[in-house]
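Asks: The amino acid sequence is not available; the structure is as follows:
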């Protein structure tokens, strides 16, 4: 964790929490724009997003990603990244804060809008939705949402005009408020779900929800963003001030809502003056190009863990294969072939050692019979035999050990890459990021491990031999819960290994 100073007791309450009286209704509006909400809602539909904004606060409380179905079983129901469905809450709030009681703009202010339904039409590149609020004292606030074609980035301009006969002092804020995420259980994916922020001083910093329980944070920086991650998707607030120092914060409120956001520097407007605060909201999938265009370092939210240095080249290569074959499953097969070729020489040396060790089995058994229970003499005689025949008894483990980092990197790549989400392969495999529902791939993997064992020398230690016999069964059950794409990689890798090992074993047998 960077050196983050906690919020002081005098700090403002930025929770934006809803009371029972101002919670938005969950009723829907008709597509023609007529509202059945007690608190009116404006609906916006672009080529990528379906948005709902409350006119009782000007907050964005629903964002559906139209290109991403919830599941293969619900192809017509898009993912709701932002939502307000009791008791689940994840919304994007924005507004103005002032510490002066005489110039307070209410947290729940009734905005007006020209119409209640906007849709991006063919040939239209953007939508501009102005929400206006004005009080009897002369303060006017305009929140303008700007949507663009082919983009998950939403620009937000908050303009305040001081028509009072006294100065206005305050700040603009943009934040996310959400309820604690539900635990997916022991077999849930382990992708990070929580808060992250990036500033000039801290390139990429995670703050777990559990960290916010005990220690809120507040930092200041010239540039940056704050975000909440949700597996394949991210929602991020990005201040557009550029030359001003903004304040980034996160905390847990008294009613157990998690809040993270950004606040502008304090501004003072004399009577007749106005000020515009600019933010951008990104609400969409974790696609590298989209994230990099939205904000510097936002692409770091595609988090492959500590083995990013391996996972990123693997994904680049996988994407290149996809352009050739237009199927992520076959791309994994080709990637496995390339990885196998990269380790070909290492595997060849190892398999030759294993094949020679297999041919030495009768002589090893003879040593055991000769020295009986004298383990010291048995071990000494075996080592002399290994040295004489230039055989490494541990050589067979080396290819597996070397490939473990690649395997782990591939696991995180499959877990994090939205491009593979709900991507089919062949026949029964409809989603490479989900487990094989028929368990065919795990069974094939177990069978391939048994064949590999038949080609390998039997361990001298009886206990070790029993463990090796059980390994295929254990791995079959273990891999039954893994993404199908990962098991596919392991099955293809085993088949290639069996082919190489069989060929080398035949060569060694001819030599002997």
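Replies: Received it, and whenever you're ready, just let me know what you need. What you are looking at is a predicted structure, and each value in this text was computed from that prediction instead of being measured. Residues are numbered from 1 along each chain as shown.

Asks: in the stretch 1-150 of the chain, which segments are predicted with low confidence?
Replies: The stretch 1-150 of the chain contains residues with pLDDT under 70 at 1-39, 86, 99-108.

Asks: My error: substitute the stretch 351-500 of the chain in the last question.
Replies: By pLDDT under 70, the weakly predicted segments of the stretch 351-500 of the chain are 390, 392-400, 457-462, 464-465.

Asks: Now do the helices in it.
Replies: Using DSSP state H, counting those that start in this stretch, the helices of the stretch 351-500 of the chain run over residues 361-371, 375-389, 398-416, 440-455, 462-479, 484-511.

Asks: what helices or strands is the second one leaning on?
Replies: To tie it back to what came earlier, the one meant is helix 375-389. Contact analysis of helix 375-389 by 3 or more Cβ pairs under 8 Å, 6 or more residues apart in numbering; DSSP states H and E lists helix 361-371 as its packing neighbours. Any C-beta I mention is one placed from the backbone N, CA and C, and that applies to glycine too.

Asks: what comes up buried for the helix it packs on?
Replies: 364, 367, 371 (16 or more other Cβ atoms under 10 Å).

Asks: related to what we said a few turns ago, who wins for proximity to residue 74 among the helices of the stretch 351-500 of the chain?
Replies: Across the helices of the stretch 351-500 of the chain, residue 74 has its closest neighbour in helix 484-511 (19.7 Å, Cβ to Cβ).

Asks: The closest one vs helix 398-416, what angle?
Replies: 160 degrees (axes from the mean of the first three to the mean of the last three Cα atoms, to 10 degrees).

Asks: For helix 484-511, name the packing helices and strands.
Replies: helix 328-342, helix 344-359, helix 398-416, helix 440-455, helix 462-479.

Asks: Same list, these, but as CSV with mean neighbour count and distance to residue 429 please.
Replies: As requested, the helices and strands packed on helix 484-511 are exported to CSV (neighbours: other Cβ atoms under 10 Å; distance: least, Cβ to Cβ, whole Å):
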stretch, mean neighbour count, distance to residue 429
helix 328-342, 19, 7
helix 344-359, 19, 27
helix 398-416, 19, 13
helix 440-455, 18, 8
helix 462-479, 13, 14
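
Asks: List just the one of those helices that sits closest to residue 95.
Replies: Comparing those by Cβ to Cβ, helix 398-416 comes nearest, at 33.3 Å.

Asks: Check the offset of that closest one from the chain's centre.
Replies: Here the centre of helix 398-416 is set off from its chain's centre by 18 Å, with Cα atoms, centre = their mean, to the nearest Å.

Asks: Determine which of the helices of the stretch 351-500 of the chain approaches residue 258 most closely.
Replies: helix 398-416 (21.9 Å).

Asks: Need the contact partners of that closest one.
Replies: With Cβ atoms under 8 Å, 6 or more residues apart in numbering as the test, helix 398-416 has contacts from 189-191, 232, 286, 302-305, 307-308, 310-311, 314-315, 318, 339, 343, 346-347, 350, 420, 432-433, 482-483, 485-486, 489-490, 493, 497.

Asks: and that helix with helix 328-342, angle?
Replies: When the same axes, to 10 degrees is applied, the directions of helix 398-416 and helix 328-342 differ by 150 degrees.

Asks: Please tell me how far the closest residue to residue 149 other than its chain neighbours sits from residue 204.
Replies: Computed as Cβ to Cβ, 6 or more residues apart in numbering, the closest residue to residue 149 that is not its neighbour in sequence is residue 125, at 4.9 Å. Note on residue 125: its distance to residue 204, by Cβ to Cβ, to the nearest Å, is 32 Å.

Asks: Of those two, which one has the most company?
Replies: residue 204 (14 against 10; other Cβ atoms under 10 Å).

Asks: nearest spatial neighbour of that one, skipping sequence neighbours?
Replies: Closest to residue 204 by Cβ to Cβ, 6+ apart is residue 300, at 4.3 Å.

Asks: That neighbour is in contact with residue 206, isn't it?
Replies: No. Taking contacts as Cβ atoms under 8 Å, residue 300 lies outside contact range of residue 206: 10.3 Å.

Asks: Identify each buried residue in stretch 286-306, please.
Replies: 286-288, 290-291, 294-295, 297-305.

Asks: any idea how far the most centrally placed residue in the chain is from residue 418?
Replies: In the chain, the centroid-proximal residue (Cα atoms, centre = their mean) is residue 231; its distance is 3.7 Å. Remark: distance between residue 231 and residue 418 (Cβ to Cβ) = 9 Å.
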